[in-house]
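>>> okay, here's the prediction I keep looking at, along with the sequence it came from:
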Amino acid sequence: MLANFKTYLREKSDLTESAFDEILKEVRVETIQKGGFLLHAGEICKHAFFTEKGLLRAFAVDESGKEHIIQFSPENWLTSDRSSIYFNEPSDLFIEAIENSTVVFMSSEFMEMVSGMSHKFRQANDRALHSHIRQLQLRINQLLGATAEERYLTFIQKYPDLLLRVPLWMTASYLGITPESLSRVRKDLAKKNFRH
C-alpha cells in the first residue's frame with residue numbers, strides 16, 4: 001500500500017527506514033469516490049494532497065457559474081491551495097476526484113516535521129514551491145498570449161496520459177477555450193497528421 005507515496009518520500013528525503021516508518025503514521029489516507037470533494041471554495045485548505053491512485057482536479061467557479069480548471073493531479077502529483085494554507089484564508093478553489101482515487105493528506109505540520117528531519121526533503125520542498133510558481137507563470141503567459149493550438153500542444157506535453165481519462169469539456173476548461181474551439185483544433189491537427 002502507498003507504493004507511489006513511499007517512492008516519492010524516498011526520492012525526496014534521506015530518512016532512515018525507522019524514521020520512514022514513523023512518519024508514515026502521521027499522514028491520513030482516504031479513498032475518495034468519483035465526484036467526491038477534498039476541498040470546497042470558502043474552506044481553509046489544511047492539507048497538500050498526493051494522488052496515490054486516481055485523478056483529481058482543482059478548479060474555480062466564476063460569478064456566472066462557469067468552471068475554470070486550474071490543475072489536474074494524476075498519480076504521483078501533489079495539489080493544494082498553497083495561498084489558503086500559508087495565509088490561513090478561505091480558498092477560491094474546489095478540489096474534486098474525477099476518478100475513484102486514493103489520496104494521501106499531508107498537513108503543513110507533517111511537511112515541517114519531515115523538513116526538520118531531512119535537509120534533502122526541505123530542499124526538495126523549496127524547489128517544488130519554486131517549480132509551482134514557474135508553472136503558474138508559464139500558464140498565465142499561455143492563457144494571455146498563446147493560440148488555442150499552442151495551448152493544446154502544451155497540455156499534451158504536460159499531461160500526456162490525460163486525454164483518454166478526462167472529458168473534452170474539462171480539457172477545454174483547462175485551456176480556457178470552448179469545447180467547440182477544442183474540436184476545431186483537434187480536427188486541424190488531424191489534417192496535419194498530428195497523432196493525439
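Cool, the structure landed.
>>> just the CA trace of the lowest-mean-pLDDT helix or strand in the chain, in CSV.
Lowest mean confidence among the helices and strands of the chain (mean pLDDT, DSSP states H and E): helix 17-24, at a mean of 83. Listed next in CSV are the C-alpha coordinates belonging to helix 17-24 (Å, rounded to 0.1, in the frame of the first residue of the first chain):
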residue,chain,number,x,y,z
GLU,A,17,13.9,3.2,7.5
SER,A,18,12.9,3.6,11.1
ALA,A,19,12.2,7.3,10.7
PHE,A,20,10.4,6.5,7.5
ASP,A,21,8.0,4.1,9.3
GLU,A,22,7.3,6.7,12.0
ILE,A,23,6.4,9.5,9.6
LEU,A,24,4.0,7.3,7.6
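>>> in it, what counts as buried?
Along helix 17-24, these residues count as buried under the neighbour rule (16 or more other C-beta atoms under 10 Å): 20, 23. The C-beta positions use only the backbone N, C-alpha and C, and glycine is treated the same way.
>>> what about the strands in the protein?
Taking DSSP state E to define them, one finds strands in the chain at 28-32, 37-39, 47-53, 56-61, 67-73, 78-79, 94-97, 101-107.
>>> tell me which other helices or strands the first one touches.
What it means is strand 28-32. In terms of contacts (3 or more C-beta pairs under 8 Å, 6 or more residues apart in numbering; DSSP states H and E), strand 28-32 is packed against strand 101-107.
>>> contacts only, for the closest residue to R165 other than its chain neighbours.
Take R165 and drop its neighbours on the chain: the residue closest to it by C-beta to C-beta, 6 or more residues apart in numbering is L55, 5.9 Å away. Residues in contact with L55 (C-beta atoms under 8 Å, 6 or more residues apart in numbering) are 72-75, 97-99, 101, 162, 165-166.
>>> noted, bye for now.
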